[in-house]
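Colleague: Build me a model from this:
(2 chains, ligands or ions: 2)
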There are 2 protein chains.
Amino acid sequence: MEIEFLGTGAGSPGKFRNVTSTALRLLDERNSVWLFDVGEATQHQILRTTLKPRKIDKIFITHLHGDHIFGLPGLLSSRSFQGGNAPLTIYGPKGIRDFVEVSLRVSETKLSYKIHYQEITNDGLIFEDPKFRVYAQHLDHRIECFGYRIVEKDHPGELQVEKLRAAQIPSGPVYGQLKAGQTVTLPDGRVVNGQDFLGPAQKGRVVAILGDTRQTQNASRLTQDADVLVHESTFAKGESKLARSYYHSTNIQAAELAKRTHVKMLLLNHISARYTGKMAVELQQQAREVFKNTRVVKDFDLVTIPFQKMIPEDAK
Amino acid sequence: MEIEFLGTGAGSPGKFRNVTSTALRLLDERNSVWLFDVGEATQHQILRTTLKPRKIDKIFITHLHGDHIFGLPGLLSSRSFQGGNAPLTIYGPKGIRDFVEVSLRVSETKLSYKIHYQEITNDGLIFEDPKFRVYAQHLDHRIECFGYRIVEKDHPGELQVEKLRAAQIPSGPVYGQLKAGQTVTLPDGRVVNGQDFLGPAQKGRVVAILGDTRQTQNASRLTQDADVLVHESTFAKGESKLARSYYHSTNIQAAELAKRTHVKMLLLNHISARYTGKMAVELQQQAREVFKNTRVVKDFDLVTIPFQKMIPEDAK
Ligand SMILES: [Zn+2]
Ligand SMILES: [Zn+2]
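Modeller: Ligands and ions are numbered 1, 2, ... in the order given. Okay, here's the model as predicted:
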């Protein structure tokens, strides 16, 4: 599981940062990629990475401002052109379907795959499969805007075959039951608990990717104990009034949220073209004074999300 | 008057060619720039040139395929963001207004300038001012598609002040009348014809910029005697059947049209990603065997359109 930043700028494309798009690479976990926002020329950015558009099976839109959606029709067209056949789901605020459908209709684009639209109205769980849950929550922007919390389910521990052999438990279908953590009675009458033969479970990872927002109580529901928080930083320290009036956040507000909700790593994006070179470093320094593990990300940065800890056996 | 190529590829963006957009730079002539088609990331390409979005006052769309229009909402937004206040006119097939308006409405984009839409239904003159005329003509593509012929009006000759002085014609308001080519009676009774005191007139230049098309009789009405013809070349020599079935042209068909209609320079664009490096040179060589003054253009190529000839005084 990695996050690859395809566009880390704010408002309009600049020479050094494209408009917003963030890829959550789940290649090991489910052989797919999820995109969060699709600013114009996201498909151009993808050409400079190893990402394959056909692997993108979910697109989450935080809000409908142009710098977050104008790349969507082109990306969908190229995904088709490049042989994508698998269906794709687009999650986002009401209106996203209208935008995509009019774009495809007017341009007479016939896609080789089906799009499912899931326009979000209520906060809460929007997706679940055996490995992941995704939650959406309203944020506070000038236009309706969502943040997303992606929760990986815990990985059960591995069956410890050596330990089973040492205990002279013969292999067979019983191994499957033990791996599932069940208690079984062996042919020789012994009662064995599978939990005793499982390695440590791994806690699933939690990623929070927020759209543009003012500070809002809702955000903490998405970010609580997250392994990684991707948060906008349109303004700098000392500009909180400006941030508020433009419905955005400062780097300090993002860092305070990370600290307050026990996030493990904070990645700041949506960096204004006013902050170039040294000034972007300054944004990072200011935030680190509040929350140490902060990084201002650049286009094409790739951040691996590590497993935070094993769940100790005795805590199972 | 120059043509600057912002995107010379076909269908979808590649590493070396962006999707279609062509700028006609009329900075000396009218301090403005006209765009022909706006594929995705045209505004990104513009960032790498000296073009100013606020100078773009007309956008001509040849057809509504995504590779020709998906950059329009972003470009319009950035033009506003960068302080463009002057109104802008968009010409194109029916549907272009719907696409732009839905994109701006859904994204709640408020522009700082007014857009006039002129959806074209009939072939013929679509614009005229004291210096230019623009004609549109249907072509033959899978979707409704236009080509454009931009005609610069002739530049009248300069008033030859030295010659007037030599003839002892005193300066004054009469110079204005003579410059306009009128015949005037001087205070001393002499009758003088302004035409005798004008330098050579300059023939206006003609540029034809065509959208994607099969070979069609209509094209020649746009290209006849043009100084420059910008023509698609999606296919190569020997692929005319393929070209026809995909509603496109080969390099050879473009060269034959240029030759037949006495064009002075042929610029081939809309080059498929199948033709890279040497193969693009090959496309050019093949076309030159039919029409010598042919060039396969690349992104960011800038071509100056020279005045072809003075109109001799005795032909006035
Ligand atoms: Zn934004
Ligand atoms: Zn095309």
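Colleague: Which residues are in contact with the residue of the stretch 201-316 of chain A found nearest ligand 1?
Modeller: Nearest residue of the stretch 201-316 of chain A to ligand 1: A:Asp212, at 4.5 Å (Cβ to the ion). Where C-beta positions appear, they are placed from N, C-alpha and C, glycine not excepted. By Cβ atoms under 8 Å, 6 or more residues apart in numbering or on different chains, A:Asp212 lies in contact with A:Thr62, A:His63, A:His65, A:His68, A:Leu139, A:His141, A:Cys145, A:Glu232, A:Thr234, A:Tyr247, A:His248, A:His270.
Colleague: A:Thr49 now?
Modeller: Contacts of A:Thr49 by Cβ under 8 Å, 6+ apart are A:Glu4, A:Leu6, A:Ala23, A:Phe300.
Colleague: Quick check: pLDDT value at it.
Modeller: At A:Thr49, the model reports a pLDDT of 98.
Colleague: Next up, phi/psi of the residue in the stretch 51-200 of chain A that ligand 1 sits nearest to, please.
Modeller: Residue of the stretch 51-200 of chain A nearest ligand 1, by Cβ to the ion: A:Asp67 (4.6 Å). Main-chain torsions, A:Asp67, degrees, to the nearest 10: phi -70, psi 0.
Colleague: ok, it - how many residues close by?
Modeller: 27 (other Cβ atoms under 10 Å in any protein chain shown).
Colleague: where does the residue lying closest to it once chain neighbours are set aside land in three-state SS?
Modeller: Leaving aside its sequence neighbours, A:Asp67 sits nearest to A:Val19 (Cβ to Cβ, 6 or more residues apart in numbering or on different chains; 3.9 Å). Look at A:Val19: counting by DSSP: H, G, I helix; E, B strand; the rest coil, its state is coil.
Colleague: Quick check, A:Val19 in contact with A:Gln45.
Modeller: No - using Cβ atoms under 8 Å, A:Val19 is not in contact with A:Gln45, being 9.7 Å away.
Colleague: Which of the two has more residues huddled nearby?
Modeller: Shown here are A:Val19 and A:Gln45; by other Cβ under 10 Å, A:Val19 has more neighbours (32 against 23).
Colleague: residues touching that one, list them.
Modeller: Per Cβ under 8 Å, 6+ apart, neighbours of A:Val19: A:7, A:9-13, A:39-41, A:67-68, A:70-71.
Colleague: out of the contacts of A:Asp212, which one sits closest to B:Ser78?
Modeller: A:His65 (12.9 Å; Cβ to Cβ).
Colleague: Angles on the backbone of the nearest residue to the closest one once chain neighbours are set aside, please.
Modeller: The shortest distance from A:His65 to any non-neighbouring residue, by Cβ to Cβ, 6+ apart, is to B:Ser107 (5.5 Å). Phi and psi for B:Ser107, reported as degrees, to the nearest 10, are phi -90, psi 0.
Colleague: from memory B:Ser107 sits against A:Leu72, does it?
Modeller: No - in this structure B:Ser107 lies outside contact range of A:Leu72 using Cβ under 8 Å: 11.1 Å.
Colleague: So for those two, which residues contact both of them?
Modeller: A:Phe99.
Colleague: Comparing those two, which shows the higher neighbour count?
Modeller: Higher neighbour count among B:Ser107 and A:Leu72: A:Leu72, with 27 against 22, using other Cβ under 10 Å.
Colleague: ok, now which ones touch that one?
Modeller: A:Val38, A:Ile59, A:Ile61, A:Ile90, A:Ile96, A:Phe99, A:Val100, A:Ser103.
Colleague: Any chance of CSV for those residues, columns pLDDT, neighbour count and distance to A:Arg133?
Modeller: Formatted as CSV, those follow (pLDDT from 0 to 100; neighbours: other Cβ atoms under 10 Å in any protein chain shown; distance: Cβ to Cβ, whole Å):
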residue, pLDDT, neighbour count, distance to A:Arg133
A:Val38, 98, 30, 23
A:Ile59, 98, 25, 18
A:Ile61, 98, 27, 19
A:Ile90, 98, 21, 18
A:Ile96, 98, 22, 21
A:Phe99, 98, 24, 27
A:Val100, 98, 22, 25
A:Ser103, 98, 26, 31
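Colleague: which one of the residues you listed is nearest ligand 2?
Modeller: Taking these together and measuring to ligand 2 by Cβ to the ion, the closest member is A:Ser103, at 15.6 Å.
Colleague: so which strand or helix has that closest one?
Modeller: helix A:96-106 (DSSP states H and E).
Colleague: any bit of that helix sitting next to chain B?
Modeller: Yes - applying Cβ under 8 Å from any Cβ of the partner chain, one finds helix A:96-106 in contact with chain B at A:Ile96, A:Asp98, A:Phe99, A:Val102, A:Ser103, A:Val106.
Colleague: Output the contacting helices and strands for that helix.
Modeller: helix A:72-81, strand A:88-92, strand A:115-119, helix B:96-106 (3 or more Cβ pairs under 8 Å, 6 or more residues apart in numbering or on different chains; DSSP states H and E).
Colleague: what pairs with the third one, and is each one parallel or antiparallel?
Modeller: Going back to what we said before, that points to strand A:115-119. Next to strand A:115-119 in the sheet, as set by DSSP bridges, lie strand A:88-92 (parallel).
Colleague: hang on, the earlier thing: just to be sure, which of the contacts of A:Asp212 are found in strands?
Modeller: When DSSP state E is applied, these are split such that A:Glu232 fall in strands.
Colleague: Neighbour count for the contacts of A:Asp212 - can I get that in CSV?
Modeller: Formatted as CSV, these follow (neighbours: other Cβ atoms under 10 Å in any protein chain shown):
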residue, neighbour count
A:Thr62, 29
A:His63, 25
A:His65, 25
A:His68, 28
A:Leu139, 24
A:His141, 21
A:Cys145, 25
A:Glu232, 27
A:Thr234, 25
A:Tyr247, 16
A:His248, 24
A:His270, 29
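Colleague: measure A:Ile59 to A:Leu75 for me?
Modeller: Here the criterion is Cβ to Cβ, to the nearest Å. By it, A:Ile59 lies 8 Å from A:Leu75.
Colleague: what residues are shared contacts of these two?
Modeller: If you check A:Ile59 and A:Leu75 against Cβ under 8 Å, 6+ apart, the residues they both contact are A:Leu35, A:Val38.
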